[in-house]
Structure formats: C-alpha cells, structure tokens
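Undergrad: mind folding the following:
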Amino acid sequence: AVPIATTLARAERHSIAETLAVTGSLVAREENVVGVEVDGLRIVELLVEVGDHVEEGDVLARLDSTMLRTQLAQNTAMIAIAQASVAQTKASMAEMQATEAEAADTLKRTQTLNATGAISPAQLLTRETQAKVAAAKLTAAEQNLRMAEAQEAFAEAQRGEIELKIARTELKAPSAGIISQRAARLGAVAGTAGEPLFRIVRIEFDAEVPETALPQIELGQDVEVWLPGVSEPIIGHVRVVDPTVDRSSRLGSVSVALPPHAAMRAGVFARGIITIGKRQAITVPLSAVSFSKNGTYVQLATNNVVETRSVQTGRKRGTRVEIVGGLTEGQEVVVRAAAFVRPGERILPVRSDAGPAGGD
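TA: Below is the predicted model:
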C-alpha cells in the first residue's frame, strides 16, 4: 500500500504555568469621600456619574468661582498699593538717613568748636536739637517701612488664601476608583457641614482559597479574573494574603488588586486563576490526544510506522497539553489522532513545521 502523507509533531519541552483555580466575589475597598472645603458656593458643573471610573486627580465637579476671582482682583490692587507704599517709604527713609547723617556730622563739628570756645552754648544746643529731630524722623520712617512691608505681606497672604480657595472650586478625585455615590446636584449650594458629594471605592477580587494552597500564594502573583458575561479575563495581582483561616470551611482569603473595568460591580461572582509558579514540561498538540472511556492515548510514529501509545496528561494550556507519562521528548505523534491511519500502517511523515521528513 502507498504510505499516507501524515502530519507529525514532536513532543517538546515548554514552560507550563502552575495555576490555582479559585472563586469569590468582587468587593469595594478603600472608600474615599469627596466634599467641599469652601462654603457657600454653587455647583456649576458635574463631570461624573455613579459607576464611572476615575483616576487620581480627575475633576469630579466645579463650583462657581466668580466671587473669589473678584476678591482676587481686589487683592491684586491692594498688593500694588502696598508695594507703592513700601517704595515711597523707602525713598523717604533714604532722605531721612541723609538728613540724620548730616545733622550728626554738624553736631560733631559743633562739639569740637565748643571745646575751643569758638561758638556759643546756644548754637551747640541748636545743633543737638537738630540731630535728635533727624534721628527721630529716621526712626519713624523705619517704623513706617516695617508697617508698609507688613501690609504687603498681609495682602500676599490673603492672595494665597484666595488662590487656594479658587483651586478648591475644582473637586478632584483623591485616588483612582469607581464613583459609588453622588450626592452633588447641579445648581445646589455646597457646604462643608453637609454630607460628602462623592464616594469613591476601589473594586477588588476577594478569592476563597483552600488552606492547603495558601502557602503557595505570594504577594504580586498574577491572577486572571473572569466575570460573568465578559469574554476576556481581567489581569490583576495578589495584594493581600489574609493570615486567618475560617474554622468551619477551612478556607482562607486572598485580595486581588484589579485595574478599572466597565464590567466590575461590587458583589458580582467571579472566578480566578492564580499563577503560583512555572515549570518545564513535555507537551504535544491537544489535537494529537484522544480521550476515551478506556483511557488517553496518542498515535506514535516510530520508524514511519504508527502505533497506539497510552499516555498520562497533565495541564492544558491553549492548544497544547502536558504529557506526564508515556512519551519522551523528541518523539513524534500524529497531529490529528485517529485521522485515516491505524496501528501498524506505514506513513509518509510530514512535520507540522517543515516539509516532508525523510524516513529512518
């Protein structure tokens, strides 16, 4: 009989992820509340609704800042006036310093002449009085300068307070999460004494894990989380491994941090696959393995002759399956089990990754 061209695949060593299947529910964690810090301002813009995902720093709502901006303009004028007063006082003080220096020098010369009897006591008294007056005026000018500088500093401090209030008219998310509650209403006057305007929660996956598997779980391990009605998994990572175990169920708890996803709702049932490690294993295409009530087998090609070989399988990942017994690395199997060939038949091998293979 003419040998049948048959596609073969080698038993190859691949990296297999060790996984643990778990179940649990999505829960709300780390609730943050957002309220107002400026009393008496009207809400003029709402940017989020319940269920929206937000990132840290996202603007949730805006308050009316018209009055504050008017105060800021007034404060700008006050600062300009204070700066002008400081400049004027400094100029006046410079004049006073010159006058005081001149009076002090004149007094010193008068005192020298007085010692020789060249001037009268009345003239000395006049010079002393003039020096004291000049010194007093200089002291007053210095006090006026300090007062003007204090007024400028006070105005600058007021400006900082007004700018801070204006910045707080934008209500921002303190952390990433989901809007779980919104009490803010467009046009309402917000107050610091009322209830928070927004509540933000972070959704996590709380997985139940058998106590025997808990030692295999470490922080940071990847987790595939599958939600009902969602075709793709959400990839998270282990954030917390609860140190306690329920006495009755013998189950522990693992918290899995998740990225934002539109399908996530607190209380939803979820399944998870935790990657607890990786190892090397011999695998073949899944299509090469036949599963029957009598066992699991492949069609092994030895010297281009087909034989049936019982095998023991392990984990399935994608299009390949692990072989834990019955085959060794490098042996070739028929890619499609039970496809047109029977045990003992000679075949013309065609490798799945190359052209026709030569016979042994």
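Undergrad: which helix is the longest one in this protein?
TA: Using DSSP state H, we find that the single longest helix of the chain is helix 66-116.
Undergrad: could you pull up the mean pLDDT of that one?
TA: Averaged across helix 66-116, pLDDT comes to 86.
Undergrad: again, but for stretch 196-210
TA: For stretch 196-210, the mean per-residue pLDDT is 92.
Undergrad: which helices and strands sit right next to the longest helix of the chain?
TA: When contacts are defined as 3 or more CB pairs under 8 Å, 6 or more residues apart in numbering; DSSP states H and E, helix 66-116 packs onto helix 121-167. The way it works is simple: take the backbone N, C-alpha and C, and place the C-beta from them, glycine included.
Undergrad: now the helix it packs on against helix 66-116, angle please.
TA: Orientation note: helix 121-167 sits at an angle of 160 degrees relative to helix 66-116 (axes from the mean of the first three to the mean of the last three CA atoms, to 10 degrees).
Undergrad: can you name the element that comes right after helix 121-167?
TA: Beyond helix 121-167 on the C-terminal side, the first helix or strand identified by DSSP states H and E is strand 170-172.
Undergrad: name every strand pairing with that next one and say which way it goes.
TA: strand 59-63 (antiparallel) (DSSP bridges).
Undergrad: tell me how far the strand it pairs with lies from the chain's centre.
TA: Averaging C-alpha positions (CA atoms, centre = their mean, to the nearest Å) puts strand 59-63 20 Å from its chain's average.
Undergrad: how about it: buried residues?
TA: For strand 59-63, a neighbour-count test (16 or more other CB atoms under 10 Å) marks 60, 61, 63 as buried.
Undergrad: may I have the beta-bridge partners of the second one?
TA: Translated: residue 61. Using DSSP bridges, the beta-bridge partners of residue 61 come out as residue 46, residue 171.
Undergrad: against residue 213, how distant is residue 269?
TA: 20 Å (CB to CB, to the nearest Å).
Undergrad: who has more neighbours, the two?
TA: Neighbours per residue (other CB atoms under 10 Å) separate residue 269 from residue 213, with residue 213 holding more: 16 against 11.
Undergrad: contacting residues for the more buried one?
TA: 20, 276 (CB atoms under 8 Å, 6 or more residues apart in numbering).
Undergrad: other residues contacting stretch 145-152?
TA: 79, 82, 83, 85, 86, 88, 89, 90, 93.
Undergrad: mind putting those residues into JSON lines with neighbour count and distance to residue 17?
TA: Compiled in JSON lines, the contacts of stretch 145-152 are given as follows (neighbours: other CB atoms under 10 Å; distance: CB to CB, whole Å):
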{"residue": "79", "neighbour count": "18", "distance to residue 17": "65"}
{"residue": "82", "neighbour count": "19", "distance to residue 17": "70"}
{"residue": "83", "neighbour count": "16", "distance to residue 17": "69"}
{"residue": "85", "neighbour count": "17", "distance to residue 17": "75"}
{"residue": "86", "neighbour count": "19", "distance to residue 17": "72"}
{"residue": "88", "neighbour count": "13", "distance to residue 17": "79"}
{"residue": "89", "neighbour count": "19", "distance to residue 17": "78"}
{"residue": "90", "neighbour count": "14", "distance to residue 17": "76"}
{"residue": "93", "neighbour count": "19", "distance to residue 17": "80"}
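Undergrad: what residues are up against residue 229?
TA: Contacts of residue 229 by CB under 8 Å, 6+ apart are residue 263.
Undergrad: how deep is residue 8 tucked in, by neighbour count?
TA: Using other CB under 10 Å, residue 8 is surrounded by 21 other residues.
Undergrad: whoops, I mixed them up, residue 15
TA: Other residues close to residue 15 by other CB under 10 Å number 10.
Undergrad: next one, pLDDT for it please.
TA: Residue 15 carries a pLDDT value of 85.
Undergrad: what's opposite it in the beta bridge?
TA: Assigned bridge partners for residue 15, using DSSP bridges, are residue 280.
Undergrad: can you name the farthest residue from the center of the protein?
TA: Outermost residue of the chain with respect to the C-alpha centroid, by CA atoms, centre = their mean, is residue 117; its distance is 88.3 Å.
Undergrad: if I look at that residue, how far off is residue 15?
TA: 114 Å.
Undergrad: so residue 118 belongs to a helix, correct?
TA: No. Counting by DSSP: H, G, I helix; E, B strand; the rest coil, residue 118 is not part of a helix but coil.
Undergrad: next, give phi and psi for it.
TA: phi -80, psi -20 (degrees, to the nearest 10).
Undergrad: which stretches of the stretch 201-350 of the chain form helices?
TA: With DSSP state H, counting those that start in this stretch as the criterion, the stretch 201-350 of the chain has no helices.
Undergrad: which residues of it score low on pLDDT?
TA: 337-340 (pLDDT under 70).
Undergrad: any idea how far the closest residue to residue 71 other than its chain neighbours lies from residue 149?
TA: In space, and not counting its chain neighbours, residue 71 is closest to residue 162: 5.3 Å by CB to CB, 6 or more residues apart in numbering. According to CB to CB, residue 162 and residue 149 sit 20 Å apart.
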